[in-house]
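Pasted the sequence and its predicted model underneath.
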Amino acid sequence: FEKQYPWIHVTATDDEDPAVFSKYTAEHATGTRTADLLIASAPSLWVSAVKNGLIQPYTPPGLSDFPSFIDQGKGLYIFSPDPAITIYNKLVLKGKPAPDTISQIVADGIAGKYKVATYTISNFFGYSAFYGYVHQKGWAALDQLGKTAATPGDGDVLGQDVAQGGYGVAVFESGLSRGPIESTSAGKILGWEYTKDFTPLIPRGIGITAGAASPDSARLYLDFVFSNAGQQALCDAGFEATSNTF
């Protein structure tokens with residue numbers, strides 16, 4: 001983005017999803033300069049943010065090339081629909097093919113073939129994955145998953161624990177882990193897959209804040225995200241391109 005608009009300097013802070021919204025709200029209330037754009041994987045928090053007027057309406061050009069779900073209305077867009085994947089330790093599985101459905105992973109965990117890990121229900125990425133799975137496949141598998149799976153932490157923790165052999169499989173892991181697994185030495189130990197029964201897509205939202213100090217720059221950024229150059233940048237960073245023409 002800065003190569004295309006060299007007069008704009010972009011800074012980013014990496015906060016947990018709830019802090020993204022509470023931090024903006026607190027800073028805006030005091031009149032200090034705050035974020036011009038919010039990005040978060042928290043559908044339920046985005047509903048509240050839109051309702052409470054935290055973002056401003058703006059329509060970037062070129063949206064006709066994208067699936068309709070990208071435009072959520074009132075200035076909220078889907079930055080990237082990130083898949084929730086399964087990761088596994090090749091050594092723990094002893095060279096056997098990875099189980100390719102949530103139901104099979106649950107059954108293996110209950111049978112003691114390996115330990116299973118996943119997100120806590122309070123993690124917004126994990127909650128969204130569970131929500132999507134239940135609406136497509138019902139409660140049966142998740143009821144059983146609760147009997148066998150541990151919830152050690154966020155996506156980074158899941159990856160580290162599976163790589164160290166503490167768990168054989170982690171379900172509903174962030175799709176962002178695909179890049180490091182494939183491009184680093186971690187790939188010698190770790191593997192990943194889309195589950196064949198259902199792979200949830202977690203909508204990572206983006207919107208321009210109502211109190212943006214640099215709204216024009218924020219609009220240019222949103223334009224860039226939904227351009228071919230922006231879609232390529234998303235892919236390079238491990239996110240998902242969604243343009244039908246890309």
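Arrived safely, thanks for sending.

those helices in this protein, which residues are they?
17-30, 43-51, 102-110, 124-137, 140-148, 155-163, 178-183, 215-225, 228-236 (DSSP state H).

Which residues does stretch 159-166 contact?
87-89, 91-92, 115, 117, 152-153, 167-170, 173, 177, 180, 186, 189-190 (Cβ atoms under 8 Å, 6 or more residues apart in numbering). Yep, even glycine has a C-beta here, placed from its N, CA and C like the rest.

which residue is nearest the middle of this structure?
Asp82 (4.6 Å; Cα atoms, centre = their mean).

so it bridges to which residues?
In this entry, Asp82 is beta-bridged to Ile202, by DSSP bridges.

what's the span of stretch 202-213, first residue to last?
One end of stretch 202-213 sits 29 Å from the other (Cα to Cα, to the nearest Å).

List the buried residues for it?
For stretch 202-213, the neighbour count (16 or more other Cβ atoms under 10 Å) marks Ile202, Pro203, Arg204, Gly205, Ile206, Gly207, Ile208, Thr209, Ala210, Gly211, Ala212 as buried.

Kindly confirm whether my reading is correct that the residue nearest to the centre of the chain touches Glu240.
Yes. The pair Asp82 / Glu240 is scored as a contact, 6.2 Å apart, by Cβ atoms under 8 Å.

which neighbours do these two share?
What both Asp82 and Glu240 touch, as defined by Cβ under 8 Å, 6+ apart, is the set Gly175, Leu201.

what sits against Tyr24?
Thr34, Ala35, Leu38, Leu54, Thr209, Gly211.

Return the per-residue confidence for it.
Tyr24 carries a pLDDT value of 96.

And Gly62, by the same measure?
So, for Gly62, pLDDT stands at 88.

ok, now which ones touch it?
Contacts of Gly62 (Cβ under 8 Å, 6+ apart): Asp223, Phe226, Ser227, Ser243.

what about 7 Å?
Gly62 makes contact with Phe226, Ser227 under the criterion Cβ atoms under 7 Å, 6 or more residues apart in numbering.

The one 4 residues further on too?
Applying Cβ under 7 Å, 6+ apart, one finds that Phe66 lies in contact with Phe226, Thr242, Ser243, Asn244.

that older thread, ok, so of the buried residues of stretch 202-213, who is nearest Ser68?
When those are compared for distance to Ser68 (Cβ to Cβ), Pro203 wins out at 12.9 Å.

what's across from the residue lying closest to that closest one once chain neighbours are set aside in the sheet?
Nearest residue to Pro203 in three dimensions, chain neighbours excluded: Ile78, at 4.7 Å (Cβ to Cβ, 6 or more residues apart in numbering). Counting by DSSP bridges, Ile78 is bridged to Gly205.
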